[in-house]
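>>> Okay, predicted coordinates and the sequence, questions at the end:
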Amino acid sequence: MTHPRTGRALIAALAASMLVATACTGGTPEATSTPATSATAAASPTPQQGGRIVEGTISDIATMQPVLVNDTASGRITALLYDGLVQQDAKSGEVKPKLASYTTSTDGLTYTFTINDKANWSDGKPIIAQDWLTGLTAVGKSALTVRKSSFQDIQGFNEFCAPAGTQCKATATTISGVTIDSANPKKFSVKMTKVSCPAILDLSGYTLPTQVFGKYLTPTSKAADFDTAAENLSPTVVSGPFTFKEWRKGDQVIMGKNATYWQGSPNVDEYVYKVVANSTAITNGLKTGELTFGSIVAKDLADMQTVDSVKITKYQSLGYTFIGWNTSSQSAFGLADKRVRQALAYGIDMDAVIKAVVFGEATKQVAHHVPVQWAYPSVALESYKYDKAKAQSLLKDAGWTPGADGILAKDGKKFNLTISTNSGNTERETLAQVAADQYKQLGINAVSKPEAFQGLVTKLTTGDQTLEATIIGWSLGGDPDPYQIWHSSQIPDPAKNVTGFGFTYFKDPAMDKAIEQGRNPTDGNCSTAARKANYETFNKILNENQPYNFGYSNNVLAVSSKTLQNFDPGSFSTIYNVHQWWIKK
């Protein structure tokens with residue numbers, strides 16, 4: 001709906017709205033846990049105090065509760081308010097301690113964490129092991145979170161979590177695999193039922209103040225007690241570099257510096273997350289100085305390069321923009337046929353789109369993993385180079401023939417297709433229109449339909465069948481584990497009130513097996529080579545079946561005011577060192 005953890009998120013990062021596919025920190029940015037050690041920071045002059053940072057975005061947040069985050073707009077805010085146990089290096093993705101140091105047992109089944117002695121909540125209370133367990137309990141009890149699968153390998157979690165279903169049994173009142181050290185309240189261990197390759201990132205979890213959320217998570221509490229807690233929208237106690245001040249819905253989130261932040265009080269007084277109308281407004285705000293930083297779309301890059309007051313930082317996105325097909329759609333029933341989905345891949349000139357819409361600032365995707373990940377496919381995959389004749393042939397083979405009006409029909413029904421995307425993102429709105437136009441040339445009655453990002457995310461994760469095709473993006477996690485997006489267990493089920501990121505409804509037993517072996521190898525081999533072999537199988541299946549047109553992975557064009565010091569984002573994190581940022585006056 002990302003994070004240094006393994007999840008993912010639908011992207012609303014900077015200028016682009018997306019899903020955070022990250023489990024805990026996998027798809028959204030997170031602050032660093034150690035003082036500045038980079039050459040840039042070390043060589044900087046003494047930071048000046050005061051001022052405010054204003055980040056521009058086109059999507060409002062939905063929550064300030066990390067357990068409930070599905071999108072990167074919300075993930076941005078929760079990463080500023082709450083720290084995780086571990087973090088990833090912004091440039092390399094290497095996992096490092098943050099709130100806690102950790103060790104792993106020789107059999108790979110037990111993880112022991114010790115929370116930093118200095119780590120404290122904004123109310124002065126120490127951050128302790130129970131606070132991490134409170135976060136895990138919240139995941140188990142919540143009816144809204146899509147994160148349960150991140151913790152399913154913890155001993156006793158599946159017996160504890162609710163509502164009862166394919167994974168959760170709701171038969172236990174405690175999570176047996178978590179043990180808090182009786183002699184040290186900051187130390188705890190987590191026992192796994194099997195080797196889990198992405199565990200260290202998944203287990204970063206959600207550390208929540210027990211003094212705030214404990215009352216919503218008692219043995220007799222209902223899911224709604226936590227899911228509707230007032231503090232989810234108005235946090236009172238936090239562990240991150242900033243504290244919550246005000247949320248003006250549809251306008252801005254205002255945060256003040258956490259003067260008692262355990263890594264050192266931030267240099268700036270306020271951090272404002274400002275919602276603007278569209279990506280053009282972000283560009284204009286950066287040019288005028290109204291915004292301190294944001295990301296721009298590629299069409300505005302040449303113009304921005306003429307502005308003397310800003311700095312442009314370009315890096316590969318840990319995510320991609322795609323067209324997702326609802327393979328179970330009753331209104332666009334043709335999407336259930338692999339041949340039709342392949343035709344839709346051949347029928348859009350994605351190379352031309354990248355040149356014309358993204359001005360070459362992207363890499364074409366034909367599978368799930370992106371170039372910055374070690375799991376990026378190295379095997380030969382079908383490139384789906386634009387081929388109108390092949391697209392028409394596949395549609396004919398699938399039984400679709402043109403009527404008198406030229407519109408394809410089958411079994412007396414016309415091929416109508418609505419392509420939804422998030423309004424305000426000019427790049428995606430353009431892509432949706434281009435896709436609709438090119439599909440009309442195949443005889444498909446395709447139309448584009450922009451709508452509000454947060455509403456679109458809710459429809460996707462709850463399995464709303466009114467969606468036929470959706471252009472949106474993923475902010476991927478630090479670990480390439482694709483379980484939360486592609487495993488069949490993650491398909492939403494409205495009838496059972498089950499949410500999930502598997503909103504294409506595509507499933508394949510061989511793909512499930514490859515995902516499972518990449519995550520929980522039966523031989524315990526978590527080496528990059530062994531895992532990549534499974535992900536090659538996984539990506540081949542996706543490449544052939546085309547539940548998405550995988551679109552492209554953008555270059556992030558991060559623009560900041562030259563007055564903003566120590567701003568040094570990377571593919572794995574933007575705000576990892578935010579407490580060290582300062583405004584040069």
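Perfect, I can see it now.
>>> quick one: contacts for the closest residue to residue 358 other than its chain neighbours?
Using Cβ to Cβ, 6 or more residues apart in numbering and skipping the chain neighbours, the partner closest in space to residue 358 is residue 298 (4.9 Å). Quick note: C-beta positions are derived from backbone N, CA and C, even for glycine. By Cβ atoms under 8 Å, 6 or more residues apart in numbering, the contact set of residue 298 is 357-362, 427, 554-555, 557.
>>> List the buried residues of stretch 183-200.
Counting neighbours by 16 or more other Cβ atoms under 10 Å, one finds that the buried residues in stretch 183-200 are 186-192, 195-200.
>>> For my notes, confirm residue 224 occurs in a strand.
No - counting by DSSP: H, G, I helix; E, B strand; the rest coil, residue 224 is not found in a strand; it is helix.
>>> Tell me the backbone dihedrals of the residue nearest to it when sequence neighbours are not counted, please.
Leaving aside its chain neighbours, residue 224 sits nearest to residue 143 (7.2 Å; criterion: Cβ to Cβ, 6+ apart). When read as degrees, to the nearest 10, the backbone of residue 143 gives phi -100, psi -10.
>>> Report the separation between residue 143 and residue 151.
Using Cβ to Cβ, to the nearest Å, we find residue 143 at a distance of 16 Å from residue 151.
>>> coming back round to it: mind checking which of the contacts of residue 298 are buried?
Applying a neighbour-count criterion of 16+ other Cβ under 10 Å, the buried members of the contacts of residue 298 are 357-359, 361-362, 427, 554-555, 557.
>>> I figured residue 363 hits residue 553, correct?
Yes - the pair residue 363 / residue 553 is scored as a contact, 4.9 Å apart, by Cβ atoms under 8 Å.
>>> who's more crowded, these two?
Each of residue 363 and residue 553 has its neighbours counted (other Cβ atoms under 10 Å); residue 553 has more, 26 against 18.
>>> Contact partners for that one?
316-317, 319-321, 362-363, 365, 370-371.
>>> Over to residue 347?
Here residue 347 is in contact with 386, 388, 391, 438-439, 441-442 (Cβ under 8 Å, 6+ apart).
>>> Quick one, which of the residues you listed are buried?
Taking 16+ other Cβ under 10 Å as the criterion, what is buried in the contacts of residue 347 is 386, 391, 438-439, 442.
>>> Need the max-distance pair from those residues.
Farthest apart among the buried ones among the contacts of residue 347 by Cβ to Cβ are 386 and 439. That separation is 12.5 Å.
>>> out of the buried ones among the contacts of residue 298, which one sits closest to residue 60?
residue 427 (18.9 Å).
>>> pLDDT score for the closest one?
We have a pLDDT of 91 for residue 427.
>>> Kindly report the same for the one 4 residues further on.
With respect to pLDDT, residue 431 has a value of 96.
>>> My guess is it contacts residue 357. True?
Yes - the pair residue 431 and residue 357 passes the contact test of Cβ under 8 Å, sitting 5.7 Å apart.
>>> returning to that earlier point: list residues touching both of residue 386 and residue 439?
With Cβ under 8 Å, 6+ apart, residue 386 and residue 439 have common neighbours 347-348.
>>> Mind picking out the helix or strand in the protein with the poorest mean pLDDT?
When the helices and strands of the chain are scored by mean pLDDT, DSSP states H and E, helix 39-43 comes last with a mean of 43.
>>> in this structure, which ranges drop under the pLDDT threshold?
1-18, 20-44 (pLDDT under 70).
>>> May I ask you to name the longest helix in it?
Longest helix in the chain, counting residues (DSSP state H): helix 528-545.
>>> got JSON lines for the contacts of residue 298, with secondary structure too?
Shown next, in JSON lines, are the contacts of residue 298 (three-state DSSP):
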{"residue": "357", "secondary structure": "coil"}
{"residue": "358", "secondary structure": "coil"}
{"residue": "359", "secondary structure": "coil"}
{"residue": "360", "secondary structure": "coil"}
{"residue": "361", "secondary structure": "coil"}
{"residue": "362", "secondary structure": "strand"}
{"residue": "427", "secondary structure": "helix"}
{"residue": "554", "secondary structure": "strand"}
{"residue": "555", "secondary structure": "strand"}
{"residue": "557", "secondary structure": "strand"}
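>>> For the stretch 151-300 of the chain, which segments count as strands?
Along the stretch 151-300 of the chain, the segments classed as strands by DSSP state E, counting those that start in this stretch run 178-180, 187-191, 242-248, 252-257, 270-275, 293-295.
>>> residues of stretch 137-151 that come out buried?
137-142, 144-151.
>>> And stretch 510-529, by the same measure?
For stretch 510-529, burial by neighbour count (16+ other Cβ under 10 Å) applies to 511-512, 514-515, 517-521, 526.
>>> which stretch of helix or strand covers the nearest residue to residue 313 once chain neighbours are set aside?
In this structure, residue 313 finds its nearest non-sequential neighbour in residue 558, 4.4 Å apart by Cβ to Cβ, 6+ apart. Assessed by DSSP states H and E, residue 558 sits inside strand 548-561.
>>> what about that strand, distance to the chain center?
Here the centre of strand 548-561 is set off from its chain's centre by 14 Å, with Cα atoms, centre = their mean, to the nearest Å.
>>> any idea how far residue 438 is from residue 448?
12 Å.
>>> wait, I meant residue 176
For residue 176, the distance to residue 438 equals 55 Å [Cβ to Cβ].
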